[in-house]
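> Quick one, fold the following:
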Amino acid sequence: MAGPLVPDELWMKIEPLIPERPERPQGGRPPVDDRAALTGIVFVLKTGIPWEMLPQEMGCGSGMTCWRRARDWQEAGLWDRLHELLLAELNAANKIDWSRVAVDSGTVRAVGGGEKTGPNPTDRRKPGSKHHVATDGNGVPLQTELSAANSHDGKHMVPLIAEIPPVRGKVGHPRSRPDAAFADRAYDDDANRLLLEWFGIEPYIARRGDEHGSGLGVYRWVVERTIAWLHNFKRLRVRFDRREDIHEGFLNLGKCLVCWNVLKGEFC
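Below is the predicted model:
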């Protein structure tokens, strides 16, 4: 029998982070329970179905109700706070490898276009978006970013690493800087190397023109696996949301669910 989409243990972590809704005037239909709405959001993320086709028998309210709750929670930074909480627990359990970070991106088709989309040079210039991902040495997603499909990977590397949140969980100052950074030829730029060195991070970036077989793939494969994990969520495999905040919310929630699965040992 399949387990719940939002397990009790995970809900106990999320519930205190949910912002309070403003009081409503007396009368009218009572609001949908937050956990039920979250279940509907996770169901849409995993199955990729349109919001309006959310099964009513699930008790999650209408698709529009779940859409509004997803919009409001993304705006309130709920997924960012949950991500930091899960990273702290992973760090406390010695499940974050700070010896290196791996950076890569995955391109998805954007049906209908929308914000942060552009002509995909690898898909006959059809509208698409990129999911930029930075992971630790084990594949734990430390940061993600959304951009248009025609955005150059190289310009996202340093901002992606710089925006890794301070990770608590151990005695001392929170940590957000790895010892080294690994990336493929798409990130080959001496400016990236200089900036990473300025941050105290040793750059290992393959150079264009060099023969294949640099050996960096031994360390970079974890980020490719994490992108595959994210794209197992069907709402991230193909982008249907024209609004960037909704799609970024799905990307952030997917990132949190991957961290949760790693914490529970399901991806080990």
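
> Would you mind pulling up the elements that the strand or helix carrying Asn91 packs against?
Assessed by DSSP states H and E, Asn91 sits inside helix 78-92. Contact analysis of helix 78-92 by 3 or more C-beta pairs under 8 Å, 6 or more residues apart in numbering; DSSP states H and E lists helix 8-14, helix 244-264 as its packing neighbours. Just so you know, the C-beta spots here come from the backbone N, C-alpha and C atoms, and that holds for glycine as well.

> Of these, flag the one that's most buried.
Burial of the helices and strands packed on helix 78-92 is given as mean neighbour count (mean count of other C-beta atoms under 10 Å); helix 244-264 ranks first at a mean of 21.

> which helices and strands does it pack with?
By 3+ C-beta pairs under 8 Å, 6+ apart, helix 244-264 packs against helix 34-47, helix 63-75, helix 78-92, strand 141-148, helix 217-231, helix 234-237.

> and the following helix or strand past the last one, how far out from the chain's middle?
Think helix 234-237. Moving toward the C-terminus from helix 234-237, the next helix or strand (DSSP H and E) is strand 238-239. With C-alpha atoms, centre = their mean, to the nearest Å as the basis, strand 238-239 stands 14 Å off its chain's centre.

> Please work out which residues outside strand 238-239 touch it.
Strand 238-239 has contacts (C-beta atoms under 8 Å, 6 or more residues apart in numbering) with Gly48, Val108, Arg109, Ala110, Val111, Gly114, Thr117, Gly128, Ser129, His247.

> Starting from it, tell me which strands it pairs with and how they run.
When pairs are called by DSSP bridges, strand 238-239 turns out to pair with strand 101-110 (parallel).

> can you pull the buried residues of the strand it pairs with?
Val101, Ala102, Val103, Asp104, Ser105, Gly106, Thr107, Val108, Arg109, Ala110 (16 or more other C-beta atoms under 10 Å).

> Give the other helices and strands that the helix or strand that that strand is followed by contacts.
Later in the chain than strand 101-110, the nearest helix or strand by DSSP H and E is strand 118-119. Under the contact definition 3+ C-beta pairs under 8 Å, 6+ apart, strand 118-119 sits against strand 127-136.

> what's the average pLDDT for the strand it packs on?
For strand 127-136, mean pLDDT is 97.

> report the angle between the axes of that strand and strand 101-110?
160 degrees (axes from the mean of the first three to the mean of the last three C-alpha atoms, to 10 degrees).

> Give the other helices and strands that strand 127-136 contacts.
Looks like strand 127-136 contacts strand 101-110, strand 118-119, strand 141-148, helix 157-162, helix 217-231 (3+ C-beta pairs under 8 Å, 6+ apart).

> Report the buried residues of the helix holding Asn91.
78-79, 81-91.

> Same list, those, but as CSV with pLDDT please.
Output for the buried residues of helix 78-92, formatted as CSV (pLDDT from 0 to 100):
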residue, pLDDT
Leu78, 97
Trp79, 98
Arg81, 97
Leu82, 98
His83, 98
Glu84, 97
Leu85, 98
Leu86, 98
Leu87, 98
Ala88, 97
Glu89, 97
Leu90, 97
Asn91, 96
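
> Ile205: which of these is nearest?
Leu87 (24.7 Å; C-beta to C-beta).

> If we ignore the residues flanking it in sequence, what's nearest that closest one?
Leaving out its chain neighbours, the residue that sits closest to Leu87 by C-beta to C-beta, 6 or more residues apart in numbering is Val167, at 4.7 Å.

> My read is that that neighbour contacts His173, right?
No. Assessed by C-beta atoms under 8 Å, Val167 is found out of contact with His173, at 10.3 Å.

> More neighbours: these two, which one.
Val167 (23 against 8; other C-beta atoms under 10 Å).

> How is this structure divided into domains?
Domain assignment for the chain by automatic domain parsing gives 10-19+29-75, 97-238.

> could I get these as a markdown table with distance to Lys255?
Shown next, in a markdown table, are the domains of the chain (distance: least, C-beta to C-beta, whole Å):
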| stretch | distance to Lys255 |
| --- | --- |
| domain 10-19+29-75 | 11 |
| domain 97-238 | 5 |
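
> still on that earlier bit, for Trp67, find the nearest of the helices and strands packed on helix 78-92.
Comparing those by C-beta to C-beta, helix 244-264 comes nearest, at 7.3 Å.
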